[in-house]
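In: Got a sequence here, can you model it:
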Amino acid sequence: MIEFSSNYLSINDFKIFYYGILISIGAILAIVLAAKEARRKGLDENFLYDAVPWVLFAGIVGARLWHIFTPPPSMVAQGITTRFYLTHPLDAVNIRAGGLGIPGAVIGGLLAFFIVARERGEHFATWLDVLAPAVPLGQAIGRWGNFFNQELYGAPTNLPWGIFIEPAYRLPEFAAESHFHPIFLYESIWNLASVFALLWLARRKSDRLKAGDLFLIYLISYPLVRFLLDFLRLDASEVGGVNANQTVMLAVMVISGTALFLRHRSGNRKTLNEEELTAES
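Out: This is a model prediction of the structure:
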């Protein structure tokens, strides 16, 4: 028997959350785009398919660990803290109950991809550029899972595109409010725009880019929008009273921007040629 709810469908009492469905769709489309970019660059797309299981697994682990070590204030108020997770291992691994952080997913996935690329003798920076437009595509689609979960909303607003949040999903201090900024939507639009921008750069400015530049640009673009949107976020994760996500995003953005600047400071804007890539791999 199939039953539909606002945030999941149930098949014989087994719940399949729309959040998980959208994350899966985002991952699949990201892989398809990455494979297309790999073929365009003349790379072996089979390597990508071999790496995907490891990247997805490490991404999920990283996303969960990020949540465990940076729980939002609303969960801390309920006693669901880092200490709680560390002393309740079954709750720590129960991702069906919610709690995944994109920064952790990116870190975990990149670490796994680096290890696999090194084992297979692939040029890591070149493959990063293949992934650069694919990652925000997956994020843009996956963020819509927050819509069905009625989460990741921002400050109350009277703007026409403000999203209605049911009372059960509102933070206690905002129980009297009804419409809020759809932060997930803002981020989704930004990420989708980033996909097209990165694809345009890869095709139109390839002669001015070095291997890894596209991913550095992504590491500037995404942290920028996360940093800005956290000013609207009502339930931002804190560590020692400091907004954890905002602080990390600012650091990543500055480091990536500096790295990009230093790579091109000498004025040598030529990309690595095929012989150099082969030698380095």
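In: How many neighbouring residues does residue 153 have?
Out: 28 (other Cβ atoms under 10 Å). Every residue, glycine included, has its C-beta placed from N, CA and C.
In: what's near enough to touch it?
Out: 163, 165, 180-184, 234 (Cβ atoms under 8 Å, 6 or more residues apart in numbering).
In: pLDDT weak spots in the stretch 151-281 of the chain?
Out: Applying pLDDT under 70 to the stretch 151-281 of the chain picks out residues 266-281.
In: follow-up on the earlier one: PyMOL command to pick out the buried ones of the contacts of residue 153?
Out: Selecting only the buried members of the contacts of residue 153 in PyMOL, with burial defined as 16 or more other Cβ atoms under 10 Å, works like this:
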select buried, resi 163+165+180+181+182+183+184+234
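In: so which of the contacts of residue 153 comes closest to residue 149?
Out: residue 184 (9.2 Å; Cβ to Cβ).
In: Can you say which helix or strand has residue 10 in it?
Out: Assigned by DSSP states H and E, residue 10 belongs to strand 8-11.
In: sorry, back to before: secondary structure and distance to residue 100 added to the contacts of residue 153, as JSON lines?
Out: Shown next, in JSON lines, are the contacts of residue 153 (DSSP: H, G, I helix; E, B strand; the rest coil; distance: Cβ to Cβ, whole Å):
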{"residue": "163", "secondary structure": "strand", "distance to residue 100": "21"}
{"residue": "165", "secondary structure": "coil", "distance to residue 100": "20"}
{"residue": "180", "secondary structure": "strand", "distance to residue 100": "21"}
{"residue": "181", "secondary structure": "coil", "distance to residue 100": "21"}
{"residue": "182", "secondary structure": "coil", "distance to residue 100": "19"}
{"residue": "183", "secondary structure": "helix", "distance to residue 100": "16"}
{"residue": "184", "secondary structure": "helix", "distance to residue 100": "13"}
{"residue": "234", "secondary structure": "coil", "distance to residue 100": "19"}
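In: list the helices and strands the next helix or strand after the strand holding residue 10 packs on?
Out: Where DSSP H and E defines the elements, the next helix or strand beyond strand 8-11 is strand 14-17. If you count contacts as 3 or more Cβ pairs under 8 Å, 6 or more residues apart in numbering; DSSP states H and E, strand 14-17 packs onto strand 8-11, helix 145-149.
In: which residues sit against the longest one?
Out: If I follow you right, that is helix 145-149. Residues contacting helix 145-149 (Cβ under 8 Å, 6+ apart): 6-8, 17-23, 98, 152, 163, 169, 182, 184-185.
In: Drop anything exposed from these.
Out: Of the contacts of helix 145-149, these count as buried by 16+ other Cβ under 10 Å: 7-8, 17-23, 152, 163, 182, 184-185.
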